[in-house]
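Novice: Below are the sequence and a predicted model; questions follow.
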Amino acid sequence: MRSENTEFVGGPLDGRLMGVLVGATGQPPKVYTVPVPDADGGKPVVHVYHREPSPGPRAARQTRWVFVYDPEGTVPDTRLKWPWSRSVRNKGTRPPGD
């Protein structure tokens, strides 16, 4: 698989330039999670980064994308949302046979 050097901003990986695997479209994932194991053997801490376009003019950029740290650690729902699919809140609201 192909990888692309991507810069990380904020959090424990601040300032690092790491190779991140890219998909079929040539873009890295929208959300990058970094699990850090607990020293006492407890639950690992998960650091969450969100992909954003690299700031500044194209010629001055070091990378195309940057991953920005999310201190709250919110992971958005990244599943595909088809227009003909029912949402989770609407499941089962139609009477049977419709």
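Specialist: Looks like it came in fine.

Novice: which strand in the chain runs the most residues?
Specialist: When the chain is parsed with DSSP state E, its longest strand is strand 45-53.

Novice: Following the chain onward from that one, which element is next?
Specialist: strand 65-70 (DSSP states H and E).

Novice: follow-up on the earlier one: so what does the longest strand of the chain touch, helix or strand wise?
Specialist: Other elements packing on strand 45-53 under the criterion 3 or more C-beta pairs under 8 Å, 6 or more residues apart in numbering; DSSP states H and E are strand 31-36, strand 65-70. The way it works is simple: take the backbone N, C-alpha and C, and place the C-beta from them, glycine included.

Novice: Work out which residue lies at the spatial centre of this protein.
Specialist: In the chain, the centroid-proximal residue (C-alpha atoms, centre = their mean) is residue 31; its distance is 0.3 Å.

Novice: So that one sits against residue 73, correct?
Specialist: No - if you go by C-beta atoms under 8 Å, residue 31 and residue 73 don't touch, sitting 10.5 Å apart.

Novice: Mutual contacts of the two, please.
Specialist: residue 48 (C-beta atoms under 8 Å, 6 or more residues apart in numbering).

Novice: where does this protein dip in pLDDT?
Specialist: 78, 86-98 (pLDDT under 70).

Novice: what comes up buried for stretch 59-73?
Specialist: 64-67, 69-70 (16 or more other C-beta atoms under 10 Å).

Novice: Kindly report the same for stretch 37-55.
Specialist: Here stretch 37-55 shows 47-51 as buried, counting by 16+ other C-beta under 10 Å.

Novice: what's the first-to-last distance across it?
Specialist: One end of stretch 37-55 sits 32 Å from the other (C-alpha to C-alpha, to the nearest Å).

Novice: again with stretch 63-80
Specialist: 27 Å.

Novice: List the contacts of that stretch.
Specialist: Against stretch 63-80 from outside (C-beta under 8 Å, 6+ apart): 4-11, 13-14, 17, 20, 27-28, 30-33, 46-55.

Novice: Pull the distance from it to the chain's centre.
Specialist: Distance, stretch centre to chain centre, for stretch 63-80: 4 Å (C-alpha atoms, centre = their mean, to the nearest Å).
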